[in-house]
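Novice: after the sequence you'll find the predicted model.
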Amino acid sequence: MAAPENYTKALQESQDVFHRFPLQLVHGIPLMEPIAQQWGPIENFQARPDDLLISTYPKAGVQQLANVPSPRVIKTHLPFQLVPKSFWENRCKVIYVARNAKDNVVSYYFFDQMNKTQPEPGPWELYVQKFMDGKLAWGSWYDHVCRYWAERANHCILYVFYEDMKEDPAREIRRVMDFLEVELPPQVLEKIVQQTSFQIMKENPMANYSSVPSTILDQTVSPFMRKGQVGDWKNHFTVAQSKVFDAHYQRRMQGTGLHFRTQL
């Protein structure tokens, strides 16, 4: 099964005092301690052929999922190599959403500040270095986005860019419809575009995590859904940081054939 997105629910039911959990390596990938400790059931999760897996790098309950009727929509932040093999054996469809590295690291930094179960993010300049080194929860952004991109030829993976969704959501929703082999009338498509806009979702308790106690997600530090912009990285990177980051990025992405836009 995919990583347990609802592990905060288990934490809420616990009598323990909330604290920032350390990272533990699982097959070389740093994961949150509660996830690493239940890795056996996750790794052995049995996918069904009609499962839809939606995967993202961040800022992109095993037993509970096992009893959910088909078709199931399952979300995960797991890198490709940690996704349970049953998803690939059953040729499940996967939608992968990728966001440019600079906006991704900014968003992840603010998320780690407000999420009191994540490791302490520390100062911005050190956080950027940890991002480049792949030492954050869920591992390397570079490995994450590049591996799913490379595996498109071998599996049923639809690769979606966050920037494309911001630019033309209707176009990208039609791509998803084609991938899932479903047809929707124009008025339904229009409603989906409206209801999935960042502003509408930011105000929706089902999407903004406002029901999660502030002891876990302290939204006075930063809202769960913060800006959702393309190019916000310019407000946080210094000129020197941007230059160092760009040089490292070019080295890591060279030859991958994968290109992101950092502004629209």
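Specialist: Thanks, I have it. For clarity, every value in this text was computed on a predicted model and none was experimentally measured.

Novice: quick one: residues contacting residue 256.
Specialist: 146, 149, 150 (CB atoms under 8 Å, 6 or more residues apart in numbering). Every C-beta, even on glycine, is put in place using the N, C-alpha and C of the backbone.

Novice: relative to residue 248, how far out is it?
Specialist: 14 Å (CB to CB, to the nearest Å).

Novice: quick one: buried ones out of the contacts of residue 256?
Specialist: Using 16 or more other CB atoms under 10 Å as the burial test, the contacts of residue 256 include 146, 149 as buried.

Novice: let me know the closest of the contacts of residue 256 to residue 180.
Specialist: residue 149 (20.0 Å; CB to CB).

Novice: hang on, isn't that closest one packed against residue 258?
Specialist: Yes: with contacts counted by CB atoms under 8 Å, residue 149 reaches residue 258, the gap being 4.9 Å.

Novice: any regions of the stretch 151-264 of the chain where pLDDT drops low?
Specialist: 197-227 (pLDDT under 70).

Novice: all the helices of it, in order from the start?
Specialist: Along the stretch 151-264 of the chain, counting by DSSP state H, counting those that start in this stretch, helices occupy 162-167, 169-180, 186-195, 198-202, 205-208, 239-253.

Novice: swap in the stretch 1-150 of the chain?
Specialist: Listed in chain order, the helices of the stretch 1-150 of the chain (DSSP H, counting those that start in this stretch) span 7-13, 33-37, 39-43, 62-66, 85-89, 101-114, 124-133, 141-150.

Novice: looking at the ones you listed, which is buried most?
Specialist: Highest mean neighbour count of the helices of the stretch 1-150 of the chain: helix 101-114, a mean of 22 (counted as mean count of other CB atoms under 10 Å).

Novice: I'd like to know which elements it is packed against.
Specialist: Counting contacts by 3 or more CB pairs under 8 Å, 6 or more residues apart in numbering; DSSP states H and E, helix 101-114 is packed against helix 124-133, helix 141-150, helix 239-253.

Novice: with that, I have no additional questions.
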